[in-house]
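Q: Sequence first, then the predicted structure:
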Amino acid sequence: MFAVIKTGGKQYKVQEGDVLEVEKLHKEKGQKVTFDKVLLIDDGGKTLIGTPFIENAQVKAEIIENFKDKKVIVFKKKRRKQYKKKRGHRQELTRVKIEKIASKEKSAAVKMPAKAVKEKKEMAPPKKRAEVDKVKTKAAKKHEPEKEEKKGEKEEPKTQTKAEAKKTEKPKAKAPAKKKTTVNGAAEDKKQS
């Protein structure tokens, strides 16, 4: 049996007997704490899923200790701007031991098998089913004559794709290269003529 709880803005998957580190809880060592934001409880084949939390579900734990995490260095720098900042941070955490996962709801009521969902859809009132069938037949009749007319007509030739058009296209003749005229070049042309 396991549960998913939310505390300190994070989610944790827990089982009875687990020891985990969570964001600091303002309680002393040895005190009991209950997590009532339970998102999911799984008991073998039965699963309870909250929307977003399961009502009347709790995870009970005991606080082992409050402590600080390892130091994290935060260093900021902008090159060529004479800007540097160095900061250290130690996150305060609480180590807890999970003792009990409790739920008052029945998991069978929450989870609905796929067959039951299918049967529920099929058990629509007969009037509604008849109306739906009429709408479908009217829509089908509208589209059938159009298809028959198209069968009698000649099919239009398919338009070529870009790749097919390139294959059938004749290669273009290259244009004569243009003469580059420079100050010296223009003078040479005048001398020759």
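A: Yep, that arrived.
Q: Low-confidence stretches in this protein?
A: For the chain, applying pLDDT under 70 flags the ranges 105-158, 162-163, 165-167, 169-193.
Q: Mind jotting down where the strands sit in it?
A: 2-7, 10-15, 19-23, 32-35, 38-43, 46-49, 57-68, 72-78, 83-89, 92-103 (DSSP state E).
Q: and of those, who's closest to T161?
A: strand 46-49 (49.8 Å; Cβ to Cβ). Every C-beta, even on glycine, is put in place using the N, C-alpha and C of the backbone.
Q: Next, the buried residues of that closest one.
A: L48 (16 or more other Cβ atoms under 10 Å).
Q: That one packs against which elements?
A: Helices and strands touching strand 46-49, by 3 or more Cβ pairs under 8 Å, 6 or more residues apart in numbering; DSSP states H and E, are strand 38-43, helix 107-110.
Q: how about the longest one as PDB, C-alpha atoms only?
A: Translated: strand 38-43. Only the C-alpha atoms of strand 38-43 are listed here, as PDB (Å, rounded to 0.1, in the frame of the first residue of the first chain):
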ATOM      1  CA  VAL A  38      -3.500  13.000  -0.100                       C
ATOM      2  CA  LEU A  39      -3.700  12.800  -3.900                       C
ATOM      3  CA  LEU A  40      -3.700   9.100  -4.400                       C
ATOM      4  CA  ILE A  41      -4.000   5.900  -2.400                       C
ATOM      5  CA  ASP A  42      -3.200   2.500  -3.900                       C
ATOM      6  CA  ASP A  43      -4.100  -0.700  -1.900                       C
END
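Q: And for the closest residue in space to K37 that isn't next to it in sequence, the neighbour number?
A: Sequence neighbours aside, K6 is the residue nearest to K37 in space, at 4.3 Å (criterion: Cβ to Cβ, 6 or more residues apart in numbering). By the other Cβ atoms under 10 Å criterion, the neighbourhood of K6 contains 16 residues.
Q: With the one 4 residues further on instead?
A: The number of residues packed around K10, counting by other Cβ under 10 Å, is 9.
Q: repeat for K13
A: By other Cβ under 10 Å, 13 other residues sit near K13.
Q: Quick one: residues contacting the closest residue in space to it that isn't next to it in sequence.
A: Distances taken as Cβ to Cβ, 6+ apart place V4 nearest to K13, at 5.4 Å, with adjacent residues excluded. When contacts are counted by Cβ atoms under 8 Å, 6 or more residues apart in numbering, V4 touches 11-14, 38-40.
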